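**Student:** I'll drop the sequence and a predicted model, then ask my questions.
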Amino acid sequence: MDTENISLLEGREKQVYEKKNGTAEVDIACDTTSLSGSVSQRACVFCGSRVVLYPVADAIHIVHGPIGCAAYTWDIRGAVSSGPELHRLSFSTDLKEMDVIYGGEKKLYHSLIELIDQYQPKAAFIYATCIVGLIGDDIDAVCRKVQLEKGIPVMPVHSEGFKGTKKDGYKAACNALMKLVGTGSTEGISTCSINILGEFNLAGEAWIIRKYYEKMGIEVVATMTGDGRIDAIKRSHGAALNVVQCSGSMTTLAKEMEEKYGIPYIRVSYFGFEDMSKSLYDVAALFPDRPEIMERAKEIVRDEIRLYYPEMQKFKTALTGRKAAIYVGGAFKTFSLIKALRTIGMSVVLAGSQTGNKDDYRRLKEMCDEGTVIVDDSNPVELSKFVLEKGADLLIGGVKERPIAFKLGVGFCDHNHERKIPLAGFVGMYNFAKEVYESVMSPVWQFAPRKGGLS
Amino acid sequence: MTTLTTAKTATQNACKLCNPLGACLAFRGIEQCVPFLHGSQGCATYIRRYLISHYKEPIDIASSNFNEETAVFGGSHNLKIGLQNVTKQYKPDVIGIATTCLSETIGDDVPLILKEYEAAFGSGSPMPIMIFASTPSYHGSHVDGFNAAVRSTVRTLAEEGPKKHLVNLFPGMISPADIRYLKEILVAFGMPYVLLPDYSQTLDGGPWGEYHRIPPGGTTKSAIASTGSAEASIEFGSTLEASKSAAGYLEERFGVPRQQMALPIGIKESDKFFAMLERLTEKPLPETYQDERRRLVDAYADGHKYIFGRKTIIYGEEDLVISMAAFLNEIGVVPVLCASGGKSGLMKKRLRELIPNLDEQGIKVREGVDFVDIEHEADELKPDFLIGNSKGFTMSKKSKLPLIRIGFPIHDRFGGQRLHHIGYRGTQELFDRIVNTVIEQRQNSSPIGYTYM
C-alpha cells in the first residue's frame, strides 16, 4: 500500500497523535482555524449556525448573500418536523454585482417583508454570509425595522463564513436563540421539566428521546432545535433542567440560560445503550424527591435492552474483532461511538473530530486502545492513510468521508446530518449495529483490491 | 437591478448553483489537477459535499481558508501558503484556482499574487501549473464558472504550432457517461481529438488498491497544449458566447475555427453533430452509429402514441433545456415551459432557432427563475410530467407530477453519473425513460391492472 510516503503537512503534526506506550503526554492542538491549502473536512461559521438553527420549522431562514450558501444548504438535513416545514425551503437574497457595490440592505428588507407576508412564519432568522461582512450591510438595523413592522421576532445571525470556525457559528446561532428564550410565558410548566438541547430530530430522533423522558414523567418544554417551534423556545426558560447533547453546538446556550435564569445543565449522549441509559439515569437523579422517575427510567432501560439484546448478539458474533475508524463533527459523539462499537465487539483504530477541544481529546486518549490514532481537523489524505495502515473494516463519518471508504473497499456508516435512519436511543443503537453489520459483512468487498480484487 | 421593483425579491429554492462550483467541476477534468478555491473554508466544503452526493467519488477541493485578518489585509499570504501546502500534499501537475465572492469583493489580484508566488518559489523543484479563473458567486451561475475554468485552462496551456489533424471538443457540463460516449465516437471516426474537460474517469472511476491523492484520468497538459494547433473546435452550448468560451479563445488567438453547436440531443441535433464529424474526417458515419440512429427512429415509431401531445416542464441549465426542448419537439411532447435559473438573455432566441413555431405552440421561456416560480407556472400550465435535476423533487411531490431526472445534480437516485443524454444513444435512453414514465403512470392509475401496456 502506498501509505508510507503520505506525510503529514507541516503544521498538522500537532493535530495527530498515536497512542503508544512511552509516547510523551502532549495535548493535541485543536481549536485552531484550518491550515490554508489543507483539504479540511470542516465547513465555515455559516455552516455552524445553519446546522443549529435549521430544524426550527415554523421560522423562515433567509440567507443574505450570493446564491451558493442558500443553494448548498437547501433541504440537506434529515431534520424532520411534526408540523410546519418552513425550514425545508431555501430563501436567499441572491446578491448580485450591483448589490455588492451599492449594498444589500434594501434587498434584504424587501425580501423579508415579502417572505413574511407570503409564509406567515412565527419568526425569521437572517444569516449573514462572507460578503455581508465586507460590504457592511447593517443587518441588525434591518432586522429591528422588520420586527417592528411585522410584529414577529426577526433575528440576525452573525455567521460570516470567514469570521472564525464552525464553532463560532454555533455561538452565533445560540445568541440568536437566546434572544427568543425568556420572551414567552412559563405558566403551567411542571417542576419536573427539561429542555432537550443539541438534538436535531434527524430521522425523528428527538421524538424517540422525548418519549423516553415523557414516559419517566418529565415534561419536555422545548427541543432545541429538532422539530423546533418558536413558542416553545420562548418559554424554555421555565424548564428545571437543560439536557445538552452534541455539546459542541449548544453548551453556549445552556451556560447562558444557567447564568440568566439559573437553570442547571448536564451533558448527555443518546448514542449506544450505555450512554443512552446514562442520559436517562442522570436526568432522573436530578429529581431526587420523585423516586418514581428513576424507577421508570430503569423500567425503560430494562424493557428496551431486553427487546434488542438478542439481535445485537447476532451482530456482535459477526463483527467481533473487526476494526473501525471514526471521523465525525463533534468529539462528544466519538466517545459514544467508541462505546457503542465495543458493544458489538469492534475496536477503534482511528478516532477524530472536526471540532473537539483539549478536554475532549484528553478524554479520547484515555478511552482509546493502544495504537489508536487520534486526529483533529483531518483531511482525506490523512484519513485514507490511517484507514489503510490500520486495516479498518469500517469508517464512520459523513458525506465527504463516504467515498473515501468505498473507494478503498471499506464499509461505511453515515453518522452525519443527512442520515435517514435514527441512530439515537435504544432503537437507534439497534439501527446502528444493523447498518454497521450490513456494510461490513456485504459480499461486495470481495472484489475490492485490498481484499484481492482487481484494481 | 430590476429586482427591487418586482413582486418577488428573494430567490426561493434556487434553480441554479454558484459560479465556483462549475469551475471546480471543470478543473476535475484535467489530469493531475487539484481545484483550489480562494475564499472561506465553507465554499470548498459545501461544493465538495454537493458534487460528491452526485458523483459518489472522492472530490478534494483545497481552500485558502480566509479568516478575519485575511479579509482585512488581503488573501495573498493565505493563497501562497495554501498553494505550497497543496503542492506538498498532492504533488499536482496543475492547480486550478477559482475565486469566490469573498476574494473578489476584497479585490485580490490573483494573477499578480501567482506571479509573486512563482517568482519566490519557482527556482528549484518543478512547480505545478497554475490556472486561474475568476468566478465571483454574485455573478452568473455554475455554468459561467464551468466555462470560465475551461477557457482559462486553454488560455494558460494552449500553444501555437503547425496545424495538425486534430479536433478539439468542448462539450460543456455533461455526464461522465456522455463523455465516454463522445470519446468512443471520435475513436470510431479515427479522429485524433482533445476533449476538455474529461472527468469521465476522475468522477466515475474504479476501486482503488492504494490511495490516490488525485484520481487517475483527465485531459493531459500536453493534449491541452496542442489545442492551439487543431483543425477546428467543436463546442456545445447554445448560449455560450465566443468571448467567454475556450473555442472562442482558440479562434481569436490561434485561428482555430470555432464550431458552436447545441448539445446534440434528439435526432436532428445529433445528425448535425455527426455530419460535422463526417465533414472534418471526410469519413462516413460508422456503421455502429448508423445502427444506433436506425434503432432510435424505430423506437420513435414504436413509442410515439404513448407520448404525443403530452405536456412537460423542462428546467435546468439553459443549454440543456434548449436542446431537450428541441428533442421533445421532434417526438411530439410539448415543453410548455422551458425554465432556467441562468440568465444569458439568449434562451428564447436560441430556442426559436431550433423550434421555429415556438410561439405558435405557446411554449413559454423563462430565464432567471427559481423553483417557486416554476411551481406557480406548473399550477397554470398543468404539465403531465417534469424533466430536470433532483432539485425539482420538492415541486414534483407537491404537484403530484412524475419527475424524469436528467443532468446535474441527481442526489435522490442512484447512477446519475452514468446517465446518457447526448447523441443517438443518449436520446434513445431519454426517449425510453419518457415513454416508460407515461406508461407507468397509465398502468398505476388504472384499476384493471393491465399486464400489457
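**Tutor:** Sure thing, it's come through.
**Student:** Tell me, what's the model's pLDDT at the closest residue to B:Y211 other than its chain neighbours?
**Tutor:** Sequence neighbours aside, A:S384 is the residue nearest to B:Y211 in space, at 4.0 Å (criterion: CB to CB, 6 or more residues apart in numbering or on different chains). C-betas here are computed from N, CA, C, even on glycine. As predicted, A:S384 sits at a pLDDT of 91.
**Student:** Strands of the chain, start to end?
**Tutor:** No chain specified, so I'll use chain A. Along chain A, counting by DSSP state E, strands occupy A:16-18, A:59-64, A:91-92, A:123-128, A:154-157, A:193-199, A:219-225, A:241-244, A:265-267, A:323-328, A:347-353, A:373-376, A:394-397, A:411-414.
**Student:** that's the wrong chain, I meant chain B
**Tutor:** Under DSSP E, chain B gives strands at B:11-12, B:33-38, B:62-63, B:94-99, B:129-133, B:167-170, B:193-195, B:232-236, B:258-261, B:311-315, B:334-339, B:364-366, B:385-388, B:403-405.
**Student:** List the buried residues of the helix or strand of chain B with the lowest mean pLDDT.
**Tutor:** Every helix and strand of chain B was ranked by mean pLDDT, DSSP states H and E. The lowest is helix B:68-73, at a mean of 88. Neighbour counts over helix B:68-73 (16 or more other CB atoms under 10 Å in any protein chain shown) mark B:70-71 as buried.
**Student:** do that helix and chain A meet?
**Tutor:** Yes - using CB under 8 Å from any CB of the partner chain, helix B:68-73 comes into contact with chain A via B:68, B:70-71.
**Student:** mind showing which ranges of the stretch 351-453 of chain B have poor pLDDT?
**Tutor:** For the stretch 351-453 of chain B, no stretch has pLDDT under 70.
**Student:** Nearest to chain A: which residue in it?
**Tutor:** Using CB to the nearest CB, the single residue of the stretch 351-453 of chain B nearest to chain A is B:T394, 7.0 Å away.
**Student:** Now the stretch 351-455 of chain A against chain B: closest residue?
**Tutor:** Using CB to the nearest CB, the point where the stretch 351-455 of chain A gets nearest to chain B is A:P449, with a distance of 3.2 Å.
**Student:** State the distance from that residue to B:N329.
**Tutor:** In this view, A:P449 and B:N329 are 47 Å apart by CB to CB, to the nearest Å.
**Student:** Going by how many neighbours each has, rank the two and give me the top one.
**Tutor:** Taking other CB atoms under 10 Å in any protein chain shown, A:P449 and B:N329 do not tie; B:N329 has more neighbours (21 against 17).
**Student:** Name the nearest residue to A:H110, ignoring sequence neighbours.
**Tutor:** Once flanking residues are discounted, A:H110 sits nearest to B:T9: 4.2 Å by CB to CB, 6+ apart.
**Student:** before we move on, what about B:L25?
**Tutor:** Nearest residue to B:L25 in three dimensions, chain neighbours excluded: B:F146, at 6.0 Å (CB to CB, 6+ apart).
**Student:** B:S229: what's it in contact with?
**Tutor:** B:159-164, B:166, B:254, B:256 (CB atoms under 8 Å, 6 or more residues apart in numbering or on different chains).
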